[in-house]
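[1] Structure of the sequence below:
(chains A and B)
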Amino acid sequence: MTDAPRRTALDALHRALGATMTDFAGWDMPLRYGSERDEHLAVRTRAGLFDLSHMGEITVTGPQAAALLDHALVGNIGGVAVGRARYTMICQEDGGILDDLIVYRLAGEEYMVVANASNAQVVLDALTERAAGFDAAVRDDRDAYALLAIQGPESPGILKSLTDADLDGLKYYAGLPGTVAGVPALIARTGYTGEDGFELFVAPADAEKLWQALTDAGAGAGLVPCGLSCRDTLRLEAGMPLYGHELTTGTTPFDAGLGRVVKFDKEGDFVGRAALAAAAERAASNPPRKLVGLIATGRRVPRAGYPVVSGGEVVGEVTSGAPSPTLGKPIAIAYVDAAHSAPGTNDVSVDIRGSHEPYEVVALPFYKRQR
Amino acid sequence: MSNPQQLRYSKEHEWLSAAEDGVATVGITEFAANALGDVVYAQLPAVGDTVTAGESCGELESTKSVSDLYSPVTGEVVAANQDVVDDPALVNSAPFAGGWLFKVKITDEPGDLMSADEYTAFAG
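    Numbers count the residues shown, from 1 in each chain, chains lettered A, B, ... in the order given. Predicted coordinates:
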């Protein structure tokens, strides 16, 4: 692909703020505005504002919208109440993960599927193909929405000052249509940071107005603009998987320790059922590798693809790694052989460019907010 | 950003102070520090190490990446900045001052070190 990266509706604003931009999944996105560590800590302690307009929205409508999604995805989508959302996955026939998704039920016969930017076309194609024979329509709505996220403990207070919507009644993984700063928005209590927060789906033409209103409303509470760099360290601390790292077409939800998203007891057949049943059996009886957390005793940072070693043998591979601003130490998520996967295991090292740095295995997540 | 006039610069974005008694101080430029992002770990050459112009002599790790540290000149390391080892963020906050990396007794230097104006044009 030689196409120039796409720009979001907030592009001029990011540049005016002095953002360092990066090409991410074909989009020119803010990596950071200043210090990514400061942005990370702002989300943990105050609030951060993100442009996530690269995410891929797909709308599914019709009398059999629920039946189509129950067939196409691994979760029980028909069981999602109107106004609620569900974290789920779309798998291949062989059980490999095509993408992880959030599905919002906007109305009885209307769902919005939010895919990762890097997989949006794959998910759109798969849903379109799997819709054959169902009385349902699959619509590409990637250009219909800009997506802003406000995340962090101060975010409910900031958002409340701009909307009459019932935020107290809006539970985690719920979404409702409303108006924020005069802008029509789907207000969802979701995020990818491990903090309380909201994601606001709006028309691209309204994005700048909403960004400015949130910036102004949050100034007193310490809200700062945040880039994708801190989004990655926030989700890593929260133990949340990232497609292309922890999740790939070569892994099943069970391999990733996320077998709970697969609902075998739902109505009808679904793509990948037989392979996923076998994967569930394998994960329960004889798991090849398990997804674990690693915490450094030293200061050198593990990166995706670095080998995990023990006793001179390679026993795993790092899928994500970064210095953790909250813990003050390098952390990683890695697939390791089951024999080395128990929390407390301290006979493993990460091969950091030839130097074996000692690490301890811990249960995920690294960070859980106090409620 | 402005690059101090009294320093000279390498294409690998290191700066070199004017030598006193043959010893010069080395650091990375503000441009390089900004490009790296928050530096979280610095592996510096040890006192007594021989460093060679244009060759890797250490590492700087930031949140998103790791970069080799190159020496702009050839010589023997006579000091390493322990403050930066203890607090790598100094590289970001004061790249031309407290964030210096090491001091080297120069035995040879390449002919392509740049002036501040040349480096400013080079870094763009």
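
[2] which residues in chain B form helices?
    Under the criterion DSSP state H, chain B contains helices at B:30-36, B:82-86, B:90-93, B:116-123.

[3] go on, the stretch 251-371 of chain A?
    Chain-ordered helices for the stretch 251-371 of chain A, with DSSP state H, counting those that start in this stretch as the definition, fall at A:273-285.

[4] Those residues of it touching chain B, which are they?
    When proximity is defined as Cβ under 8 Å from any Cβ of the partner chain, the stretch 251-371 of chain A approaches chain B at A:299, A:300, A:301, A:303, A:322, A:323, A:330, A:353. All C-beta atoms are positioned from the backbone trio N, CA, C, and that covers glycine.

[5] export the helices of chain B to CSV and tack on mean pLDDT and mean neighbour count?
    Below are these laid out as CSV (pLDDT from 0 to 100; neighbours: other Cβ atoms under 10 Å in any protein chain shown):
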stretch, mean pLDDT, mean neighbour count
helix B:30-36, 93, 19
helix B:82-86, 96, 14
helix B:90-93, 96, 20
helix B:116-123, 95, 15
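
[6] Make CSV out of the ones you listed and add distance to chain A.
    Compiled in CSV, the helices of chain B are given as follows (distance: least, Cβ to the nearest Cβ, whole Å):
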stretch, distance to chain A
helix B:30-36, 8
helix B:82-86, 9
helix B:90-93, 7
helix B:116-123, 15
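
[7] For residue A:282, find the nearest of those helices.
    helix B:30-36 (42.4 Å; Cβ to Cβ).

[8] what about residue A:306, neighbour count?
    Under the neighbour criterion other Cβ atoms under 10 Å in any protein chain shown, residue A:306 is assigned a count of 20.

[9] Turn the residues of the stretch 251-371 of chain A next to chain B into CSV, columns for neighbour count and pLDDT.
    Formatted as CSV, the entries for these read as follows, by neighbours: other Cβ atoms under 10 Å in any protein chain shown; pLDDT from 0 to 100:
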residue, neighbour count, pLDDT
A:299, 17, 88
A:300, 19, 92
A:301, 26, 94
A:303, 19, 96
A:322, 26, 96
A:323, 27, 95
A:330, 26, 96
A:353, 10, 91
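
[10] Report how many residues lie close to residue 17.
    You didn't pick a chain, so chain A it is. When counting by other Cβ under 10 Å, one arrives at 16 neighbours for residue A:17.

[11] other chain: chain B
    Other residues lying near residue B:17 total 17 when counted by other Cβ under 10 Å.

[12] ok, it touching residue B:6?
    Yes - taking contacts as Cβ atoms under 8 Å, residue B:17 lies within contact range of residue B:6: 7.3 Å.

[13] Could you find the closest non-adjacent residue to residue B:88?
    Spatial nearest neighbour of residue B:88, chain neighbours left out: residue B:39 (4.3 Å); criterion: Cβ to Cβ, 6 or more residues apart in numbering or on different chains.

[14] any idea how far residue A:8 is from the one you found?
    Using Cβ to Cβ, to the nearest Å, one obtains 29 Å as the distance from residue B:39 to residue A:8.

[15] okay, those two: which has more neighbours?
    Neighbours were tallied for residue B:39 and for residue A:8 using other Cβ under 10 Å; the higher tally belongs to residue B:39 (25 against 21).

[16] Bridge partners for the residue in chain A positioned nearest to chain B, pull those for me.
    When distances are taken as Cβ to the nearest Cβ, chain A approaches chain B most closely through residue A:323, which lies 4.1 Å from it. In this structure, residue A:323 bridges to residue A:330 when assessed by DSSP bridges.

[17] tell me the contacts of it?
    With contacts defined as Cβ atoms under 8 Å, 6 or more residues apart in numbering or on different chains, residue A:323 is in contact with A:233, A:301, A:329, A:330, A:331, B:40, B:41, B:61, B:63.

[18] rerun at 6 Å
    A:301, A:330, B:40, B:63 (Cβ atoms under 6 Å, 6 or more residues apart in numbering or on different chains).

[19] how many other residues sit next to the residue of chain B at minimum distance from chain A?
    In chain B, the residue that lies nearest chain A is residue B:40 (4.1 Å; Cβ to the nearest Cβ). The tally of other residues near residue B:40 (other Cβ under 10 Å) stands at 25.
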